[in-house]
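**Student:** Test case, fold it:
(chains A and B)
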Amino acid sequence: GENVEQHPSTLSVQEGDSAVIKCTYSDSASNYFPWYKQELGKGPQLIIDIRSNVGEKKDQRIAVTLNKTAKHFSLHITETQPEDSAVYFCAAKLSGYSTLTFGKGTMLLVSP
Amino acid sequence: NAGVTQTPKFRVLKTGQSMTLLCAQDMNHEYMYWYRQDPGMGLRLIHYSVGEGTTAKGEVPDGYNVSRLKKQNFLLGLESAAPSQTSVYFCASSYGGHSKNIQYFGAGTRLSVL
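**Tutor:** Predicted structure coming up:
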């Protein structure tokens, strides 16, 4: 099955700095890569996703990049704000399957 | 529009007791999932369903059973709870599974087994 590695496990930045979270996947047949944000005491919520036929996608301050050759994808958050503090999960979906494999998560702390 | 609702929110069990966690969604989604979240382990899939009357095993199914008798509900059962099942349980649903598979999560159930 698919295996997703996520780094770092914790990330501390100052408000206004950029943050980057990286994930690698093992199966080249994966074709969909979402990112979820989990705030304290809540369930995860999708913030951005990318399909394997796209190299980069942006939505305001967040962006995701995908390198299919190297089998890794990254989440980029610019101009971080305290409300960006949360746990972020990457995931991958194998083509033809209906389940996601999640990374272990990154706790992002943005200090004012 | 409530989305995905999980009950109960908290529960404490003694080893050997049984319980059922209920997940209800009002988005007419075909696919539903049960995950457990443990510190440093991320989200691990327990069981899932691709439609009413269907269930399938995920990554960590042992010790759990599920049922999907109605499209909007997905039940997770623990027949004989063990301390290793202390965790936060999340239910999720999605409209489709084979394309983008955008999953919508409930707020979670925190379970402690003593």
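**Student:** Now do the same for the residue most central in space within chain B: helix, strand or coil?
**Tutor:** By CA atoms, centre = their mean, chain B has its centre lying nearest to residue B:34, at 2.7 Å. Recorded secondary structure, residue B:34: strand (DSSP: H, G, I helix; E, B strand; the rest coil).
**Student:** who's it bridged to?
**Tutor:** residue B:47, residue B:91 (DSSP bridges).
**Student:** Check what pLDDT it gets.
**Tutor:** Predicted confidence (pLDDT) for residue B:34: 98.
**Student:** Helix or strand for residue A:74, just tell me which one.
**Tutor:** Assigned by DSSP states H and E, residue A:74 belongs to strand A:72-77.
**Student:** I figured residue A:92 hits residue A:28, correct?
**Tutor:** No - with contacts counted by CB atoms under 8 Å, residue A:92 stays clear of residue A:28, the gap being 10.7 Å. In this view, the C-beta of every residue, glycine as well, is placed from N, C-alpha and C.
**Student:** pLDDT value on residue A:97, please?
**Tutor:** Residue A:97 carries a pLDDT value of 86.
**Student:** go on, the one 3 residues further on?
**Tutor:** Residue A:100 carries a pLDDT value of 94.
**Student:** Just the element for the nearest residue to it once chain neighbours are set aside, please.
**Tutor:** Nearest non-adjacent residue to residue A:100, counting by CB to CB, 6 or more residues apart in numbering or on different chains: residue A:91, 4.2 Å away. Using DSSP H and E, residue A:91 sits in strand A:86-94.
**Student:** Much appreciated, bye for now.
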